[in-house]
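**Student:** I need the structure of the sequence given here:
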Amino acid sequence: MLLAILGSLIVAACIVRVLLRPNRDPASRMAWIVVVLALPIIGVIAYLLLGETSIGRKRIARLNRIAEGLPVPDETPGWDTLDPPPPIPDRYDQLFNVGRSISGYAPVGGNRARLMKDSDAAIDEMVADVDAATDHVHLMFYIWLPDNNGLKMIEALKRAAARGVTCRAMVDDLGSRALIKSSYWTEMGDAGIKLARALKIGNPLVRVFDGRIDLRDHRKILVIDNRVTYCGSQNCADPAFLPKAKYAPWVDAVMRFEGPIVRQNQHLFASDWMANYDEDLSEVLREPLEPQSPGFSAQVVASGPTVRHSAMPEMFESLMYSARRELVITTPYYVPNEAIQAGLCAAANRGVQVSIVFPARNDDFAVGATSRSYYEDLLTAGVEIHEYQPGLLHTKSVTVDGEVTLIGSANMDKRSFDLNYENNILLHDRAMTAEMRARQDAYIADSRPVTLAEAQAWPWTRRLWNNAMSIVGPLL
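**Tutor:** Okay, here's the model as predicted:
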């Protein structure tokens, strides 16, 4: 009897916590309440492990100290002499206001970029830039595999360290566990490369008492000599991606940037590095800027569980509502909140040509099914849906009216919204957006269009599965 009463009190307390938890949407609250009531013991344990997005009080305090003491890009010597950014139309200016509200970086002009041809070419260009480094190489990858491309990068860092370049390499503790457990990780340290593991898991039974265990650093950043930076969806791995080879090739897009935008990515890397490694990088951030060259306006947009709630959803929604003629999106994982689904439908309903490209075969069966549960509403509104056939389309990109591009690591799913640290670059430039649009068109050419009639003709068993997965979506 006492055990039953105690159990009921625990369940009640958990439900109260679900209802009082700040910044949780109603669908997510309801999903957790259903789980806790249906499976009391398992549900309570699951909520304790996965229901909160806290990263731990100690880490939050450390991040706050870093943010207060680290020089921001605006304080870089020479920053005050930069020419004003090229004029941005009012409707796009608001996009950069949203970006600034998320991570504090203002749009800055004088930037140049190139879109890498493919995944292998991106790694080769990165390696070439590392080989040309004279002062420092700063690298962060969510997944870094000890495969062909991964070893190319390792050897390049070793060569750089051997000639006196300071190399700092950071990986996510879960995503790059294969490299961390390999002999290559030790060899890198022995070669003089400074190594850091982001969001260490340690003992899972102990770790759960110091923040949610599955919060991850999903960023992909490379900064060289305060001169060059890269941004995109690609991890440091072969397109064959051996851990999930049956979905290969993994298809990514990466841009190489030069200009003041590099300092914003540098500041982001420094914040991440100092959160996971006891070293102050303030002096690197204080190095004077190189003379400015003409170029477009751009801005780093970085989000994460310690950034304000709904940051990335707001960025995506703002892009959708700014579109007047055309909106093209590629994302491998689509588990939207209600506002994003409504934003896409609203864009199509007001006459914008909206195209979205998903992989035909998703490496996460639950996410793939959840994505398809939204197809009928999107298609009814007039959104064009394309399923990429040759492999797993991993590119995360948005282009608006042939003028604005967002590229980076963030997916349109709950994990990127609430649980992952992400990095993206928002830019306003017709030429670069045209390059990204051409790449998106190439994806569409290799895709199969999904029609409304097709989605409506799916058997009830498939629709039941998709919709059941979408109910779990708020918990994914």
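**Student:** dihedrals phi and psi, residue 163?
**Tutor:** Reported as degrees, to the nearest 10, the phi and psi values for residue 163 are phi -100, psi 10.
**Student:** please apply the same query to the one 4 residues further on.
**Tutor:** Note on residue 167: its backbone torsions stand at phi -110, psi 120 [degrees, to the nearest 10].
**Student:** can you give me the pLDDT of it?
**Tutor:** At residue 167, the model reports a pLDDT of 98.
**Student:** repeat that for the one 10 residues further on.
**Tutor:** For residue 177, the model assigns a pLDDT of 95.
**Student:** likewise for residue 274?
**Tutor:** So residue 274 comes in at 94 (pLDDT).
**Student:** cool, and residue 465?
**Tutor:** Confidence for residue 465, expressed as pLDDT, is 91.
**Student:** how about the one 3 residues further on?
**Tutor:** At residue 468, the pLDDT value in this model is 86.
**Student:** now it, what's its secondary structure?
**Tutor:** helix (DSSP: H, G, I helix; E, B strand; the rest coil).
**Student:** what is the burial count for it?
**Tutor:** 13 (other Cβ atoms under 10 Å). Where you see a C-beta, it was placed from the backbone N, CA and C, and this is true even at glycine.
**Student:** so what's the residue count around residue 364?
**Tutor:** Neighbourhood size, residue 364 [other Cβ under 10 Å]: 17.
**Student:** after the helix-or-strand element of the chain with minimal mean pLDDT comes which helix or strand?
**Tutor:** Least confident helix or strand, the chain: helix 204-207 with a mean of 66, by mean pLDDT, DSSP states H and E. For helix 204-207, the following helix or strand on the C-terminal side (DSSP states H and E) is strand 216-217.
**Student:** please enumerate residues in contact with that following strand?
**Tutor:** Strand 216-217 is contacted by residues 140, 142, 170, 172, 174-175, 198-199, 272, 415, 419-421 when judged by Cβ atoms under 8 Å, 6 or more residues apart in numbering.
**Student:** I'd like to know which of the residues you listed are buried.
**Tutor:** Listed as buried from these are 140, 142, 170, 172, 174-175, 198-199, 272, 415, 419-421; burial here means 16 or more other Cβ atoms under 10 Å.
**Student:** pick out the most distant pair among those residues.
**Tutor:** 170 and 415 (19.9 Å; Cβ to Cβ).
**Student:** out of the buried ones among the contacts of strand 216-217, which is nearest to residue 14?
**Tutor:** Closest to residue 14 out of the buried ones among the contacts of strand 216-217 is residue 419 (19.9 Å), distances taken as Cβ to Cβ.
**Student:** the closest one: what's it in contact with?
**Tutor:** Applying Cβ under 8 Å, 6+ apart, the residues near residue 419 are 53, 212, 214-216, 305.
**Student:** now, of these, which are buried?
**Tutor:** So, by 16+ other Cβ under 10 Å, the buried ones in these are 53, 212, 215-216, 305.
**Student:** and those, which two are furthest apart?
**Tutor:** Checking the buried ones among the contacts of residue 419 with Cβ to Cβ, the most distant pair is 53 and 216, at 11.8 Å.
**Student:** could you look up the SS state of the nearest residue to residue 226 once chain neighbours are set aside?
**Tutor:** Nearest residue to residue 226, sequence neighbours excluded (Cβ to Cβ, 6 or more residues apart in numbering): residue 287, at 5.5 Å. Per three-state DSSP, the local secondary structure of residue 287 is coil.
**Student:** and for residue 287, the neighbour number?
**Tutor:** Neighbours of residue 287 (other Cβ under 10 Å): 16.
**Student:** and the gap between it and residue 324?
**Tutor:** Per Cβ to Cβ, to the nearest Å, residue 287 is found 41 Å from residue 324.
**Student:** where exactly do the helices run in the stretch 351-476 of the chain?
**Tutor:** 365-372, 375-381, 414, 430-445, 452-456, 460-472 (DSSP state H, counting those that start in this stretch).
**Student:** tell me the buried residues in the second one?
**Tutor:** Put plainly, it is helix 375-381. Residues of helix 375-381 classed as buried by neighbour count (16+ other Cβ under 10 Å): 375-376, 378-379, 381.
**Student:** all strands for the stretch 251-400 of the chain, in order.
**Tutor:** 254-258, 296-303, 326-330, 353-359, 384-388, 392-393, 397-400 (DSSP state E, counting those that start in this stretch).
**Student:** may I have the strands that pair with the longest one, each with its orientation?
**Tutor:** For strand 296-303, the pairing partners within the sheet under DSSP bridges are strand 108-115 (antiparallel), strand 420-428 (antiparallel).
**Student:** what angle separates the shortest one from strand 254-258?
**Tutor:** When you say that, I think you mean strand 108-115. 140 degrees (axes from the mean of the first three to the mean of the last three Cα atoms, to 10 degrees).
**Student:** contacts for whichever helix or strand comes after strand 108-115?
**Tutor:** Where DSSP H and E defines the elements, the next helix or strand beyond strand 108-115 is helix 119-131. Applying Cβ under 8 Å, 6+ apart, the contact partners of helix 119-131 are 116, 137, 149, 152-153, 156-157, 159-160, 222, 224, 228, 230, 232, 234, 236, 238-239, 249-252, 254, 256.
**Student:** figure out how far helix 119-131 is from the centre of its chain.
**Tutor:** 21 Å (Cα atoms, centre = their mean, to the nearest Å).
**Student:** the residue nearest to residue 226 against residue 223, yeah?
**Tutor:** No. In terms of Cβ atoms under 8 Å, residue 287 does not count as a neighbour of residue 223; the distance is 11.8 Å.
**Student:** any weak-confidence spans in the stretch 351-476 of the chain?
**Tutor:** Along the stretch 351-476 of the chain, the model assigns pLDDT under 70 to residues 473-476.
**Student:** ok, residue 156 to residue 413 distance?
**Tutor:** Taking Cβ to Cβ, one finds residue 156 at 32 Å from residue 413.
**Student:** who's more crowded, those two?
**Tutor:** Neighbour totals were compared for residue 156 and residue 413, and residue 413 leads with 25 against 21 (other Cβ under 10 Å).
**Student:** what residues sit buried inside the helix or strand containing residue 159?
**Tutor:** Assigned by DSSP H and E, residue 159 belongs to helix 148-162. Residues of helix 148-162 classed as buried by neighbour count (16+ other Cβ under 10 Å): 149-150, 152-161.
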